[in-house]
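Student: predicted model and sequence follow; I will ask about them next.
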Amino acid sequence: MTLAARIDHTLLRPDATEAQILQLCEEAVAHGFASVCVPPCYVALATEKLAGTAVAVCTVIGFPLGYSTSSVKFKEAEVALYDGATELDMVINIGALKSGKVDMVQAEILDLADLCHVHQALLKVIIETALLSEAEIELACQLCVGGEADFVKTSTGFASRGASVEDVTLMRRVLPENVRIKAAGGIRTRAAAQAMIAAGADRIGSSNSVALIAENNETTAA
Ligand SMILES: O=C[C@H](O)COP(=O)(O)O
């Protein structure tokens, strides 16, 4: 699989415009990226733009802080799927995890996983590793497994740091093979992306995707 085919081409800035979303879609088709990852309000626009292409439409749920109520996250997911999203990246309730409310965290994941499975969509669960201890990362991964998530995703890109090779290595060690890993947040270079993949990441989320894959493809300077 090419590096491009592993990339979720991402634009989640609060000031993202329609024109920028349409350019994101055009770039994803041109470079063969796996998906575009866009705010929920732009899912219908991206779905229309990408109709008939191999590029999936991904959006975010309970993003970026994760503390929307479970019913709000579920409704947000329903609307996103109705608008055409086929991949949902949902942020867990980080405070609930840290408070030991594991049943609630797992139930939230399972409810969305069941909804995604009905719609033949993928659920990626964002655990925000920057805010978790190693023990909490392991616990979050276990809850994702119990919640039947398709992927566990490291980061929103809106915390103090994004993905690290150490995070991905730990996640790969504790997750069963059938649960994939998405590394995201601060991945700016081909080398950084390749290091995450070598550590066990299956998918890369980046808002710098075009530059990232362009490296090493430059013609030799005259
Ligand atoms: O996958 C989602 C992240 O927001 C991407 O983070 P980034 O903007 O640091 O590449």
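Tutor: Received the coordinates, thanks. Numbering: from 1, shown residues only.

Student: residues touching I21, list them.
Tutor: 11, 36, 38, 42, 45-46, 49 (C-beta atoms under 8 Å, 6 or more residues apart in numbering). Every residue, glycine included, has its C-beta placed from N, CA and C.

Student: show me what contacts the closest residue to H117 other than its chain neighbours?
Tutor: Nearest residue to H117, sequence neighbours excluded (C-beta to C-beta, 6 or more residues apart in numbering): E148, at 7.6 Å. By C-beta under 8 Å, 6+ apart, the contact set of E148 is 109-110, 113-114, 117, 123.

Student: of these, which belong to strands?
Tutor: Using DSSP state E, the members of the contacts of E148 that fall in strands are L123.

Student: show the buried residues in the contacts of E148.
Tutor: By neighbour count, with 16 or more other C-beta atoms under 10 Å, the contacts of E148 hold 109-110, 113, 123 as buried.

Student: returning to that earlier point: tell me the one of the contacts of I21 nearest the ligand?
Tutor: Among the contacts of I21, L11 lies closest to the ligand (C-beta to the nearest ligand atom), at 8.2 Å.

Student: how near is the closest one to E148?
Tutor: Using C-beta to C-beta, to the nearest Å, L11 is found at 28 Å from E148.

Student: spatially central residue for the chain, please.
Tutor: The residue lying closest to the centre of the chain (C-alpha atoms, centre = their mean) is D89, at 4.7 Å.

Student: for it, which three-state class applies?
Tutor: Following DSSP: H, G, I helix; E, B strand; the rest coil, D89 is assigned to strand.

Student: same check, this time on V125
Tutor: Using three-state DSSP, the structure places V125 in strand.

Student: bridged to it, which residues?
Tutor: With DSSP bridges as the criterion, V125 is bridged to M90, V152.

Student: okay, now it: neighbour count?
Tutor: Each residue near V125 was counted by other C-beta atoms under 10 Å, and the total is 27.

Student: check T169 too.
Tutor: Residues lying near T169 (other C-beta under 10 Å) number 15.

Student: that one against I197, yeah?
Tutor: No - in this structure T169 lies outside contact range of I197 using C-beta atoms under 8 Å: 11.9 Å.

Student: isn't N93 right next to M104, touching?
Tutor: Yes - in this structure, N93 is within contact of M104 by C-beta under 8 Å, at 7.1 Å.

Student: can you list residues touching both of these two?
Tutor: By C-beta under 8 Å, 6+ apart, N93 and M104 have these common neighbours: S70.

Student: which SSE is the residue nearest to H117 in?
Tutor: If you go by DSSP states H and E, E148 is not part of any helix or strand.

Student: buried residues in the biggest helix by length in the chain, which are they?
Tutor: In the chain, taking DSSP state H as the definition, the longest helix is helix 102-118. For helix 102-118, the neighbour count (16+ other C-beta under 10 Å) marks 105-106, 108-113, 115-116 as buried.

Student: okay, the residues you listed in TSV with distance to the ligand and pLDDT next?
Tutor: Listed next are the buried residues of helix 102-118 as TSV, based on distance: C-beta to the nearest ligand atom, whole Å; pLDDT from 0 to 100:
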residue	distance to the ligand	pLDDT
V105	20	98
Q106	23	98
E108	20	98
I109	18	98
L110	23	98
D111	22	98
L112	17	98
A113	19	98
L115	21	98
C116	17	98
